[in-house]
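In: Need coordinates for the below:
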Amino acid sequence: MKNVLFIAPTTYKLPLDDNMQKKFEFLSQVCKLNVVAFANEKKEIKLENGDLYFYKKTSNRFINYFKIIFLSLFSISKIIKRKKIEVVSFQDPVSSFLSMFIIKMRHKNIKVIVETHGDFIETLGLEKNLIFPRIYRKLFIKLASYTIKNADIIRAVSSSTEAQVQKMNKTKKIVRFPAWVDFDDFKDIEINRVNTTFQILFIGSVTDRKKPHLIIEAMKLLKKENIELLIVGPMPNAKYLSFLKNLISDHGLEANVKFFGEVDRKEVKSFYSKINLMILPSVSEGLARVIFESQATACPVLVTDAPGMGDIVIDGQTGYVFESNNVESLAKKIQYIEENYDEAMHVGRNAKDFILNNYSAENFKFSFKKIFDTV
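Out: Residues are numbered from 1 along each chain as shown. Presented below is the predicted three-dimensional model:
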């Protein structure tokens, strides 16, 4: 097995939950695993076949940038030498620029995988309060172009992320398979979708990229008191959150919309077990994990026609699709699903069968093994 180093801007919560432990255990079965990432505390965790290096992430963005620079210049090179790393895998093309530059300068024999999990150009601008978004966008394009050009292979999680890479570099070799989802954690949860109200779940980052405000607008159009929206997820953009709450107030929907913030995995499963419909109105997605999770519980899903969604959501067969940024289209679909809920439940069961038959943790593991064997 090859010595592999995963470098990720992801922030993990320690101690690692069972799901993340299982992911790292699966990866350690196909490589000698090493991971560099951020967490709520600095800690090194030893596995049977690898090591996890977590660095503490602060709330200050600029301090974190300096940490990334320090890690790129010093810590990562030390790990590469000490662990005799043969393959490095980066989680996205933008944040990995400096580390890629250092590796190409100091460790020319190392093979590099660059992963792309979503829209790496537009996402940050849609989720954060950036002062000069156009400047950031131009910078991201330059950084990503360099990283993709110098990668030995690209791993995309969806057709949309693959297309974005191809637009920047038509000659680069790309393999495609979804992000880690442990379906065993969701497929057998107890289901009870009999509610006094028709409960809609939005789960994800509460930002303009995910566009939960479209659901609020659709609820206003429907004028139905029996529809309830549960909003679950982190709220990183204070400006957008204020806009969302003002919109709810303006439409007189305070009693119909509930905020829950970021919740743990056990609570997430609790939501999936009881809600009637999961809606993801994003205009920019890779292939959201929450779609897989919802489908694994046979919960009906409603998503936009944005690129990538169609990889697993086929309208009327494994879920429902509405036109991006079209409130009328969204409202009509919600009304149809509510009024034909027996059909929607059948579609949900179809989706569960489709997901469990075509995707699994084993497929995830062996897809990475194939990359490591061929890179």
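In: Give the burial count for the closest residue to residue 347 other than its chain neighbours, as a bare number.
Out: Nearest-residue entry for residue 347: residue 300, 5.8 Å, with adjacent residues in sequence omitted and distances by Cβ to Cβ, 6 or more residues apart in numbering. C-beta coordinates here come from the backbone N, C-alpha and C atoms, glycine included. Residue 300 has 25 neighbours, counted by other Cβ atoms under 10 Å.
In: OK, contacts around residue 300?
Out: Taking Cβ atoms under 8 Å, 6 or more residues apart in numbering, we find residue 300 in contact with 276-278, 319-320, 337, 344-345, 347-348, 351.
In: 7 Å instead, please
Out: Neighbouring residues of residue 300 by Cβ atoms under 7 Å, 6 or more residues apart in numbering: 277, 319-320, 337, 344-345, 347-348.
In: Same question for residue 216.
Out: 247-248, 251, 253, 257.
In: tell me the centre residue of this protein?
Out: With distances taken as Cα atoms, centre = their mean, residue 288 lies nearest the centre of the chain, 4.9 Å away.
In: Just to check, it is in contact with residue 280?
Out: Yes: the pair residue 288 / residue 280 is scored as a contact, 5.9 Å apart, by Cβ atoms under 7 Å.
In: Between these two, which contacts overlap?
Out: Counting by Cβ under 7 Å, 6+ apart, the common neighbours of residue 288 and residue 280 are residue 204.
In: hey, where'd the strands end up in this protein?
Out: Counting by DSSP state E, the segments of the chain that form strands are 3-12, 32-39, 43-47, 50-56, 87-90, 111-116, 153-156, 174-176, 198-203, 227-232, 257-261, 277-280, 301-304, 320-322.
In: As TSV, those strands with distance to residue 218 would be great.
Out: Shown next, in TSV, are these (distance: least, Cβ to Cβ, whole Å):
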stretch	distance to residue 218
strand 3-12	32
strand 32-39	36
strand 43-47	44
strand 50-56	41
strand 87-90	38
strand 111-116	31
strand 153-156	31
strand 174-176	32
strand 198-203	9
strand 227-232	9
strand 257-261	12
strand 277-280	9
strand 301-304	10
strand 320-322	9
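In: could those go into TSV alongside distance to residue 99 and mean neighbour count?
Out: As requested, the strands of the chain are exported to TSV (distance: least, Cβ to Cβ, whole Å; neighbours: other Cβ atoms under 10 Å):
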stretch	distance to residue 99	mean neighbour count
strand 3-12	6	20
strand 32-39	9	21
strand 43-47	19	13
strand 50-56	13	19
strand 87-90	7	24
strand 111-116	9	23
strand 153-156	16	22
strand 174-176	21	17
strand 198-203	31	23
strand 227-232	33	21
strand 257-261	32	15
strand 277-280	31	26
strand 301-304	33	26
strand 320-322	38	21
